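Student: how would this look folded up:
(2 chains)
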Amino acid sequence: MASNAKIRVTVTLQPSGKSSVLIVQTLDDLLRQCSSKLRVKARRIFLASTGEELLTDLSKVSNDMKLIVTCGDTYTVTNPPSTTQTNSIIDSSKVSVQVIANRTLVEQEAIDQLKNVARIYPHVKHIWGMPDLHVGQATPIGCVVATEPSVVYPELIGSDIGCGMSFVRTSLRLVYEDDDRKLSKWTKQLQGLDDYLPKERIDEFLQSDLQWPTTVNKVNIDHSENEQLGTIGAGNHFVELQRIEELYDDKEEDLSKDYLYLLVHSGSRSLGERILREFCKGKGELRGLEKGTDDYDIYMSKHDEACAWAKRNRALIAQRFLTCLGQMTTSAQCLVDIWHNNVVLKDLSSDNSQVHLHRKGAAPSDTGRVVIPGSRGTHSYLVEPIDQNQESSGYSLAHGAGRAMSRSKAHQRFSGKYPDSDRLRITETLDSHVVCDDKQLLYEEHPEAYKTIDAVIDDLVEAKLIRVIAKMRPLITYKTRLTHKE
DNA sequence: ATGTGC
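Tutor: Next up is the predicted model:
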């Protein structure tokens, strides 16, 4: 076979299950790309179907083949995981794996990834999948993993430590229900939000007293690790101006249809990523950190700091957004701030034992109200957990609509279906404004690339996990003014 | 989600 032919393959790292699609030309090229994409020293490659090892070249590999990569271990073909159904306990033998989804479609691949977590991580006691469960790199997004309290797995929290959602009541008003002239003007005023702030402002903000909505720890780290504070980032992060479309509970005294609300979704930017890398790089993907070791103490302290940093990041993003619109930032009040990606020590209600609850894309149901965002141009929901002590759902809820397809698939499909990207700046469904000058993101984050938020909410209501307080309508979704990656 | 390499 000609050595310059390009072949597209799917590689899966064993035992972690992390996978990636690569375009490769030679075996050396393949090993190199595996190392960089999977973040391990890739040493051996096998054909997934037969277990045969690739020793000299890619002559046995053709387009779209599945390959297994290991760091040195031999790979032997095993039976695939048994088929499963959602809304039931999948494997009660050792680890209970439960997926809460009825109306929402959860891909088999995501469920297989969840079962893989149960199989390969020691000391796991319970796993829950939320209705927005979808495929991740190795661990699916939209799940909660409870382990023995003696161990923490950084990989089960991921790189965006502290990522979450702030819901802020502003003093902005819209006099007419659809004052589009005002919204167009505000959209134009949203400038400079992607710029990094001066060191002095960042340092001062990290050391300020902040109630958001409760006291947030001060953060004391070197500015070289802080420069992104106050910026939204990319991917599914955004700031959205909303109004209340339906208020189902008039007893909520801090909610008023007269004012507009800000929803901020962002995390710890590259800070969290550096922390994950520090604890996983070259040490295997599954490494647990054991209580009593220095690594555990250092990771937990950095994790907590990243969580505080992410909260302050959301606060500063909201401030900057309101400043663009000429608002006094002191007039805003944060009603909800939750983490989607973090680990907490939790007392289980069933047997008084403790677990480390790792949330990877899941909202807490044990700290009060949460906002569950839809996809771009769809409603978000302010909800209240019915029982703050609900072990059967892992003390958690869905954190959003959940992707229905990969980013690459979405880009390919929607750039073909909607070639005029400018038209995506006003959403088809609710006529909301979208600020996103990154064309790739416009397609990757297209609403049709996500599951239906109403199905996710229905699943949680039917499972008696939440009651809906308010339905929020998007007015302006701000993603980025940066144009790179086009 | 992110920084980095091709």
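Student: Give me the phi and psi angles of A:D160.
Tutor: phi -90, psi 70 (degrees, to the nearest 10).
Student: Do I have it right that it meets A:N341?
Tutor: Yes: with contact defined as C-beta atoms under 8 Å, A:D160 reaches A:N341; the gap is 5.4 Å. (C-beta placed from N, C-alpha, C; glycine too.)
Student: which neighbours do those two share?
Tutor: A:G267, A:G272 (C-beta atoms under 8 Å, 6 or more residues apart in numbering).
Student: For DNA strand B, what's its nearest residue on the stretch 251-400 of chain A.
Tutor: Closest approach between the stretch 251-400 of chain A and DNA strand B, counting by C-beta to the nearest atom of the strand: A:S270, at 3.1 Å.
Student: Run a quick check on that residue versus A:Q228, I expect a contact.
Tutor: Yes: using C-beta under 8 Å, A:S270 makes contact with A:Q228 at a distance of 6.2 Å.
Student: ok, those two, which is more surrounded?
Tutor: Neighbour tally, A:S270 and A:Q228, criterion other C-beta atoms under 10 Å: the higher count belongs to A:Q228, 18 against 14.
Student: Pretty sure the residue of the stretch 251-400 of chain A closest to DNA strand B sits in a strand.
Tutor: No: per DSSP: H, G, I helix; E, B strand; the rest coil, A:S270 lies outside any strand segment and is helix.
Student: got a list of what it touches?
Tutor: A:Q228.
Student: And the one 4 residues further on, by the same measure?
Tutor: With C-beta under 8 Å, 6+ apart as the criterion, the residues that contact A:R274 are A:E225.
Student: doesn't it fall inside a helix?
Tutor: Yes: using three-state DSSP, the secondary structure at A:R274 is a helix.
Student: Is DNA strand B within reach of the lengthiest helix in chain A?
Tutor: For chain A, the helix with the greatest residue count under DSSP state H is helix A:294-324. No: shown here: helix A:294-324 not in contact with DNA strand B (C-beta under 7 Å from any atom of the strand), separated by at least 9.3 Å.
Student: Buried residues, that helix. List them.
Tutor: A:295-296, A:299-300, A:302-322, A:324 (16 or more other C-beta atoms under 10 Å).
Student: Please apply the same query to stretch A:134-145.
Tutor: A:H134, A:V135, A:G136, A:Q137, A:A138, A:T139, A:P140, A:I141, A:G142, A:C143, A:V144, A:V145.
Student: show me which of those neighbour DNA strand B.
Tutor: Here is what survives when these are matched to DNA strand B using C-beta under 7 Å from any atom of the strand: A:Q137.
Student: what's the most distant pair in the buried residues of stretch A:134-145?
Tutor: The span of these, defined through C-beta to C-beta, is set by A:Q137 and A:V144 at 17.6 Å.
Student: Do me a favour and average the pLDDT over stretch A:174-181.
Tutor: Stretch A:174-181 carries an average pLDDT of 75.
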